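1. need a structure here:
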Amino acid sequence: MSVAKEYLKSDYFRYNNDPPRYVKKLLKYFRLSQFTRNPFLRLYYRFRFRIIKSKHGLEIWHNTKIGKGLYLGHPYNITINEQAVLGENINMHKGVTIGQENRGSRKGSPKVGNNVWIGINATVVGKITIGDDVLIAPNSYVNRDIPSHSVVFGNPCVITHKDNATLHYINNTYNG
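-> You can find the predicted model right below:
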């Protein structure tokens, strides 16, 4: 199985193998533009991806590193910096921003672990690390490292340790 098909399989699995049509197209062209070796096809897939993402107000670069099992709940107005690195089984919702800081000790982009749920209008910025099994509540502003197994909420962010923080929030995790 090609790498693109493997990633698409994992993404579709998160939607019970039946994502909405526009999400299916978005994920398809995102993954194909990343992994297709043929330069002409890659250019075509990037063009299609650009059209679909602009329709929905998405700012996701075709070369952004996102692991298997991406789930976009209500995929509108999501912004992800192209230098950000996201792990596997990530849930992102409407209005999420994952961006970089341009100055200071946190200059750079975030690295997000596996099994992370990011709520509506949450913002994650700077060269920080988000651990595995982290729930970032809606409208939270995160600009510091978050340990694994945590719930984060508020502005400034408040971190609470919780085992299985994303239990019942991240369904259909892909472990293939």
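
2. residue ranges for the helices of the protein, please.
-> 3-14, 21-35, 39-55 (DSSP state H).

3. okay if I get those helices as TSV plus distance to Gly126?
-> Heads up, the C-betas are built off the backbone N, CA and C, glycines and all. Below are these laid out as TSV (distance: least, CB to CB, whole Å):
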stretch	distance to Gly126
helix 3-14	27
helix 21-35	25
helix 39-55	24
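
4. Of these, which is nearest Ala165?
-> helix 3-14 (18.0 Å; CB to CB).

5. what comes into contact with that closest one?
-> By CB atoms under 8 Å, 6 or more residues apart in numbering, the residues outside helix 3-14 that reach it are 1, 18-19, 24, 27-28, 31-32, 34-36, 68-71, 88-89, 171-174, 176.

6. same thing but at 6 Å, please
-> Applying CB atoms under 6 Å, 6 or more residues apart in numbering, the contact partners of helix 3-14 are Pro19, Leu27, Arg31, Leu32, Phe35, Lys68, Gly69, Leu70, Tyr71, Asn172, Tyr174.

7. Go through that helix and flag the buried ones.
-> Ala4, Tyr7, Leu8, Lys9, Ser10, Asp11, Tyr12, Phe13, Arg14 (16 or more other CB atoms under 10 Å).

8. Looking at the last one now. What's its pLDDT?
-> In the prediction, the pLDDT value recorded for Arg14 is 95.

9. How about it: what's its closest non-neighbour residue?
-> Tyr71 (4.3 Å; CB to CB, 6 or more residues apart in numbering).

10. what bridges to that neighbour?
-> Asn91 (DSSP bridges).

11. Help me confirm that it comes into contact with Asn91.
-> Yes - using CB atoms under 6 Å, Tyr71 is in contact with Asn91, at 4.6 Å.

12. Cheers, nothing more for now.
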